[in-house]
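Visitor: Provided below for reference: sequence and predicted model.
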Protein chains: 2
Amino acid sequence: MLNQKITIAVDVMSGDKGLAELLPAVISTVKEHDQLTVIAVGQQEQLKAHIGNHPMVTSGRIIIHHASEVVAMDEQPQSALKNKKDSSMRVAINLVKNGQAMACVSAGNTGALMATARFVLKTMPGIDRPAICTVLPSIRSPYKHVHMLDLGANVDEEPKHLQQFAMMGSLIATAVDKNENPKVALLNIGSEAIKGNSLVRETAKLLQNTDVNYIGFVEGDGIFFDDVDVVVCDGFSGNVALKTLEGSCKLVAKYLEASYKQNIFTKMAALISKPVLRSLKSKVDPRNYNGASLLGLRGIVVKSHGNADRISFANAINIAIKLADQDVVGKIEKQFSVEDGITSDSEQVKG
Amino acid sequence: MLNQKITIAVDVMSGDKGLAELLPAVISTVKEHDQLTVIAVGQQEQLKAHIGNHPMVTSGRIIIHHASEVVAMDEQPQSALKNKKDSSMRVAINLVKNGQAMACVSAGNTGALMATARFVLKTMPGIDRPAICTVLPSIRSPYKHVHMLDLGANVDEEPKHLQQFAMMGSLIATAVDKNENPKVALLNIGSEAIKGNSLVRETAKLLQNTDVNYIGFVEGDGIFFDDVDVVVCDGFSGNVALKTLEGSCKLVAKYLEASYKQNIFTKMAALISKPVLRSLKSKVDPRNYNGASLLGLRGIVVKSHGNADRISFANAINIAIKLADQDVVGKIEKQFSVEDGITSDSEQVKG
């Protein structure tokens, strides 16, 4: 149940799968939430041809909003920013900027989405760099997931950036999970204080002097097994961890498949194990974790995997809905406006 | 079949499991290789009590070598270096230093092992920092594995360090796999040249001017799926990737276990799938990948997982045997002595 009427702008043109997968996701989410309106942004003729007569469109729950261009999946961020001012991605972000939508979702390329969102929406006061945040599976957590950031929006961060990520991550865990005191850890390569690179060691010192419930270090395997709600890291390591997780799950799946194909007995075992394997698949299916938030902007932007199908894309839309309903951006803004210990680049420039 | 008589020094006191697991590993490896002699380093009375009358000892294939101390698993490297001069770890390394053994193996703590090995053996000319290198599973590779370094010996590396790692990794792939032209890639967060942090971008430039067969970037999932033989990265990201891989496999195993326990039918399926699950387990079992080389030292040092059991520890001993038999250290030394493009800190100091 939503707390209020929510309007989400969805870029239905970007991504690898196209309208055939993204529109069904829009329709299913609108059906799921009574108070939801989706503005579907894309080429008007194509959209009309696909869903012009759909009851959700004729009833006004899905609004078709024209955008003449599409950002290509391999397009350079600067080129998209300069040359695609009427792209579905940019128009969706514009709708957030001018208040017509409370959040937007796109399966477009991460670089272009981040650059455009940053250019159009700007970062919040007190935040130097936006971060990409998503949930990953966790065995230990009562919420069955852990929030992790940054996952690749940035490289070459400084300790104050990670400090800001920790504060934002803590707020998102509270908003999404209603977890009042989320445990925040730094990703490191050992749990002792002397270990780690200079970035991690300096950040740890900063975090001891903030409101964040900082509990220390976790290692790569600790993401899934430690008692922690938010894992903070630089964008390079975060992206390495995320992609390694995806690769490892795919690796185990390949091995399992091969093992079940060995001979007639194992093939029989595979048949009998079908429900088990289906349940396993859904648990490690990255589609169920699809939807990363670009945190630190003056507006909610959710990035979906480029190759998201309808199930996966619906998951990303649902994350945008949750963040909008919980007013995560407002909460982050409020926190950073009362925070004393933080000096951002923007403040330094202003000061 | 070994090319020659090989003597390996094995620290049988360090690690979590103790003599009860480490000695059987020593015995099984000696049995496996006719030309192998193992110097088992540890407290003489304990060793004698365990294997004093074993035919491999009485025949001289296993030589008991006394060391009065043991480095604790949580001992600080500097403390081990200063206060444990007669530790099994240090004595095993000394045996390599003075030529009595061609390689040594220890399941002791990584920090102490690296610090001691570096202090006793020194780094090779042309190498600034040793790196930890191990094999990880690979789907694409004809060798079924990929060599990855550094996995945590270093933090805050500079491009020239990664360049040296690339050269060493290339040589180890040639020695271990008889792969004459191993493909070397840099771990990155995107495959385009503009992506990545400054370390990776600068290293890529350096690698284009070396003999190494540098093929570009791989992402975290590419470790297991791309057509690459050696993955080079800084110790922080490498350790994050390694631990994330371990954690992910453990996560999938937990989910699979839970799925098979759901009800009577899934429990039956589990029973029938036992051979399949056993085969899967052995494929992703980190024990089968146990044994990381500390590369760049004037001697072969192999680090085993601290919690290695007999199977796992035997694997680490076998890696040491392979590296000794292939004279990897000699080959690295030769390569670096003919290399012009490399300037190490030590050379700078000398110059």
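Guide: Arrived safely, thanks for sending.

Visitor: how close does the residue lying farthest from the centre of chain A get to residue A:271?
Guide: Farthest-out residue of chain A from its mean C-alpha position, per C-alpha atoms, centre = their mean: residue A:264, at 42.9 Å. Distance, residue A:264 to residue A:271, using C-beta to C-beta, to the nearest Å: 11 Å. Any C-beta I mention is one placed from the backbone N, CA and C, and that applies to glycine too.

Visitor: can you report phi and psi for residue A:149?
Guide: phi -150, psi 150 (degrees, to the nearest 10).

Visitor: got a list of what it touches?
Guide: Applying C-beta atoms under 8 Å, 6 or more residues apart in numbering or on different chains, we find residue A:149 in contact with A:131-134, A:165, A:168-169, A:230-233, A:238, A:295.

Visitor: turn the residues you listed into JSON lines, columns for neighbour count.
Guide: Output for these, formatted as JSON lines (neighbours: other C-beta atoms under 10 Å in any protein chain shown):
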{"residue": "A:131", "neighbour count": "32"}
{"residue": "A:132", "neighbour count": "26"}
{"residue": "A:133", "neighbour count": "26"}
{"residue": "A:134", "neighbour count": "22"}
{"residue": "A:165", "neighbour count": "34"}
{"residue": "A:168", "neighbour count": "29"}
{"residue": "A:169", "neighbour count": "27"}
{"residue": "A:230", "neighbour count": "29"}
{"residue": "A:231", "neighbour count": "29"}
{"residue": "A:232", "neighbour count": "31"}
{"residue": "A:233", "neighbour count": "31"}
{"residue": "A:238", "neighbour count": "28"}
{"residue": "A:295", "neighbour count": "30"}
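
Visitor: please list which of these are also close to chain B.
Guide: Among the contacts of residue A:149, the residues within reach of chain B (C-beta under 8 Å from any C-beta of the partner chain) are residue A:233.

Visitor: report how many residues lie close to residue A:94.
Guide: 21 (other C-beta atoms under 10 Å in any protein chain shown).

Visitor: need the per-residue pLDDT for it.
Guide: Residue A:94 carries a pLDDT value of 98.

Visitor: now it, what's its secondary structure?
Guide: helix (DSSP: H, G, I helix; E, B strand; the rest coil).

Visitor: spit out the contact partners of it.
Guide: Residue A:94 makes contact with residue A:120 under the criterion C-beta under 8 Å, 6+ apart.

Visitor: where's residue A:19 relative to chain B, distance?
Guide: Here residue A:19 is placed at a distance of 27 Å from chain B (C-beta to the nearest C-beta, to the nearest Å).

Visitor: near the residue lying closest to that residue once chain neighbours are set aside, how many other residues are there?
Guide: Setting aside the residues directly before and after it, residue A:19 is nearest to residue A:50 in space (C-beta to C-beta, 6 or more residues apart in numbering or on different chains), at 5.4 Å. Residue A:50: 20 surrounding residues under other C-beta under 10 Å.

Visitor: what is the nearest of the contacts of residue A:149 to chain B?
Guide: residue A:233 (7.8 Å; C-beta to the nearest C-beta).

Visitor: who's the closest residue to that closest one other than its chain neighbours bridged to?
Guide: Spatial nearest neighbour of residue A:233, chain neighbours left out: residue A:187 (3.8 Å); criterion: C-beta to C-beta, 6+ apart. For residue A:187, the beta-bridge partners are residue A:218 (DSSP bridges).

Visitor: ok, now which ones touch residue A:297?
Guide: By C-beta under 8 Å, 6+ apart, the contact set of residue A:297 is A:117, A:118, A:121, A:122, A:123, A:124, A:130, A:329.
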